[in-house]
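Asker: need the 3D shape of this:
(chains A and B)
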Number of protein chains: 2
Amino acid sequence: MKFAIKRSAFLQQLNNVQRAISTKTTIPILTGLKLELTADKLTLTGSDADISIQTVISTTNENAQLEILQPGSVVLPARFFSEIVKKLPTDNFSIEVNENLQTTILSGPASFTVNGLDAVEYPHLPEVESSQQLTLPADLFKKVINQTTIAASDQESRPILTGVHLVIENQQLTAVATDSHRLSQRKIPLENQTASYDIIVPSRSLIELAKMLPDSTTEIELRISENQILCSFAQTVFYSRLLEGNYPDTTQLIPQNSETELEVNAVEFLAAIERASLLSHEGNYNIVKLTLAPEQQTAQIFGNTPEIGNVEEKLKFQKLTGKELEISFNPDYMKDALRSFGQSTVKIDFTQPLRPFILIPSENKNDFIQLITPVRTF
Amino acid sequence: MKFAIKRSAFLQQLNNVQRAISTKTTIPILTGLKLELTADKLTLTGSDADISIQTVISTTNENAQLEILQPGSVVLPARFFSEIVKKLPTDNFSIEVNENLQTTILSGPASFTVNGLDAVEYPHLPEVESSQQLTLPADLFKKVINQTTIAASDQESRPILTGVHLVIENQQLTAVATDSHRLSQRKIPLENQTASYDIIVPSRSLIELAKMLPDSTTEIELRISENQILCSFAQTVFYSRLLEGNYPDTTQLIPQNSETELEVNAVEFLAAIERASLLSHEGNYNIVKLTLAPEQQTAQIFGNTPEIGNVEEKLKFQKLTGKELEISFNPDYMKDALRSFGQSTVKIDFTQPLRPFILIPSENKNDFIQLITPVRTF
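Answerer: Got it, this is the predicted structure:
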């Protein structure tokens, strides 16, 4: 194998593929990056068995100036190889692999020789055979990911809850995640899509996918098989395994009515919660208390840690109606939820002090719901 | 105690004083920040027993808009208090301490109550009685600190080597640090100074001092007592204890002649060393090898780790004279040394493969010397 290429274009694709490569894998060859050179393109592959990423640099890519001198393949130690490429002295460099898999990287006056591994040993990527393909606007899918993955569990005690439940039916995508203390649900319409799926994708996979979606990408294509999801965009293909099992039915958790309603600016309310949680974080119980008095038109937030001190703040709000209420909750859940709304106005619907409450956008109420379970303090 | 103040000006001074405050101290009250309010100024004090920092905000400071309502003093939990001040919702805030040392921080709709400690319990700052005072340009002193502290030891096995040796005599300041593998020596002229001192300042103290010297500061005043150094600048006073003991005589270590001389651009040479050290960092021995052939006018650097690979690079240089030489050294020492020269051209004087070599600026050769001890590889 022998080729020459522009460093910046190569490095960009290398950084993408590296997201899938972990140094902690138990399969040694997966700490490597696979390079495969054919007559007209260079393919980079990285994988940690859960996630695999493959990206293609073709000779028609003008930024890359790929010059193919001899097709072939090799697996190189990924972290180390990427450090080398980052520090090369010139804009262009060449890679040549000899019969012993010794790989020479040449760049101006510098010459690196690295021991490669045989690409034949590298695991095959999963095959996703599916004639049906789903096309989504990339920025919208990224938003769905960012809004739902926050509520997924990071505890392996119930593995199914570490995933995001994606249901595609009736020309609609519903994404739900819950760690059993909070829940996030987002719906988006799918036009001209007849496919129907019910899958659970590890939230870690979705987070990596969202991070690598470039702003310039407008569309992402999804293909789904029994145990894999494949996402294609730009010159990149992203594979993730799916979680097996049945996701709990979450539709019953979301209260349909409310007894106290508060409308606030998400950014202002977030700042007040952050102040109140300064104190709650210091203590043994990470709880803040909210008291709502619609008759007096006052809303107050309290944080208290006896050893250190306490905080109270009168909240600004747009609207407060319904019954009087005193409710306590984990401020970290509230912060995550409020951040997912961005700059908008949020309506919070409460029922009773010990029943879950929901946050919804003041506009487009049906698209997006965040649910938080309160904490008993007595 | 009661006062009102502008948040940004207060926070700036709080950040300075906090450099001295450690959460790891064994003296609980030193995790606190001392606030002392008199008729015309507010004094903030922080200390970890080694370093103490005191800064003054006076009523004449227009940026601070300090309004003194009732003099007094209190010690507040520093980390926690500073997090509160950072997150306050308004530009101005007030602090009031009641008879039980309960401290209320008011800012717009938010009210924090924090349990304070009695300022009487706070240790007294060291007294530095010295009629002699030394004035230095602040940017020059900062440079001396940054150039020498890199060579100080971070091992407590020989505590004296964790300091920087400052000798002031004959209208000259000489600063030396060594960890016994490398050495850095910087000299600056002192005009109109008759004082004479020989002290060892902990390098950690100097590093903190350099970090907090604002760019706007033009001069720094030093006062030295038997076991303390006091540095004043702007509205701030910085105290550090001195190290006790005799610093080893380093003048004999610096070779006076050379057999091979290499002149390089510090930035280019640094980049080449960084590439060569990519490989040496992976192996058990962190060593790179330099071969100099003045007759052929070639200089080459090698890094090698058998399990992974190797690197070699032809160096660009300005000048290469003297005997042929092959020498091995720790690339991290070389990187630190080269960085301390900035953009300039560096002359490297070698004697023999196992004898220390020195780096000096091509201009002003006597001001600044970095010495590195090579490594035996056979």
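
Asker: nearest residue to A:Leu315 other than its sequence neighbours?
Answerer: Nearest residue to A:Leu315, sequence neighbours excluded (Cβ to Cβ, 6 or more residues apart in numbering or on different chains): A:Ala299, at 4.1 Å. From N, CA and C alone the C-beta is placed, and that goes for glycine too.

Asker: number of nearby residues for that neighbour?
Answerer: Counted with other Cβ atoms under 10 Å in any protein chain shown, the neighbours of A:Ala299 add up to 21.

Asker: swap in A:Thr236?
Answerer: Summarising burial for A:Thr236: neighbours were counted as other Cβ under 10 Å, giving 21.

Asker: spell out which parts of chain A neighbour chain B.
Answerer: If contact is defined as Cβ under 8 Å from any Cβ of the partner chain, the residues of chain A in contact with chain B are A:77, A:80, A:83-84, A:87-89, A:102-103, A:109-115, A:271-272, A:274-275, A:278-279, A:282, A:307-316.

Asker: what subset of those residues is buried?
Answerer: A:77, A:80, A:83-84, A:87-89, A:103, A:109-110, A:112-115, A:271-272, A:275, A:278-279, A:282, A:309-313, A:315 (16 or more other Cβ atoms under 10 Å in any protein chain shown).

Asker: helices along chain A, start to end?
Answerer: In chain A, the helices defined using DSSP state H lie at A:7-18, A:78-87, A:138-149, A:203-212, A:266-280, A:331-339.

Asker: can I get these in JSON lines including distance to B:Gln256 and mean pLDDT?
Answerer: As requested, the helices of chain A are exported to JSON lines (distance: least, Cβ to Cβ, whole Å; pLDDT from 0 to 100):
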{"stretch": "helix A:7-18", "distance to B:Gln256": "45", "mean pLDDT": "95"}
{"stretch": "helix A:78-87", "distance to B:Gln256": "36", "mean pLDDT": "94"}
{"stretch": "helix A:138-149", "distance to B:Gln256": "65", "mean pLDDT": "95"}
{"stretch": "helix A:203-212", "distance to B:Gln256": "57", "mean pLDDT": "95"}
{"stretch": "helix A:266-280", "distance to B:Gln256": "60", "mean pLDDT": "92"}
{"stretch": "helix A:331-339", "distance to B:Gln256": "64", "mean pLDDT": "96"}
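
Asker: so where's chain A shaky on pLDDT?
Answerer: Within chain A, the set of residues satisfying pLDDT under 70 comprises A:282-283, A:378.

Asker: the domain parsing of it - what is it?
Answerer: Dividing chain A into domains by automatic domain parsing, as the record does, gives the ranges A:2-121, A:134-241, A:254-372.

Asker: just the terminal-to-terminal distance for the longest one.
Answerer: Meaning domain A:2-121. This stretch, domain A:2-121, spans 20 Å end to end (Cα to Cα, to the nearest Å).

Asker: and if you look at the shortest one?
Answerer: Distance across domain A:134-241, first residue to last, is 17 Å (Cα to Cα).

Asker: coming back round to it: just confirm the residue nearest to A:Leu315 contacts A:Leu320, I think it does.
Answerer: Yes - here A:Ala299 reaches A:Leu320: they are 5.9 Å apart, a contact under Cβ atoms under 8 Å.

Asker: list residues touching both of these two?
Answerer: A:262, A:292 (Cβ atoms under 8 Å, 6 or more residues apart in numbering or on different chains).

Asker: strands of the stretch 151-300 of chain A, residue ranges please.
Answerer: Using DSSP state E, counting those that start in this stretch, the strands assigned to the stretch 151-300 of chain A run over residues A:163-169, A:172-178, A:182-189, A:197-202, A:219-224, A:228-233, A:236-241, A:260-265, A:288-293, A:298-305.

Asker: chain center to the third one: distance?
Answerer: In this case it means strand A:182-189. Averaging C-alpha positions (Cα atoms, centre = their mean, to the nearest Å) puts strand A:182-189 14 Å from its chain's average.

Asker: how about the fourth one?
Answerer: In this view, strand A:197-202 has its centroid 14 Å away from the chain centroid, taken as Cα atoms, centre = their mean.

Asker: cheers, nothing more for now.
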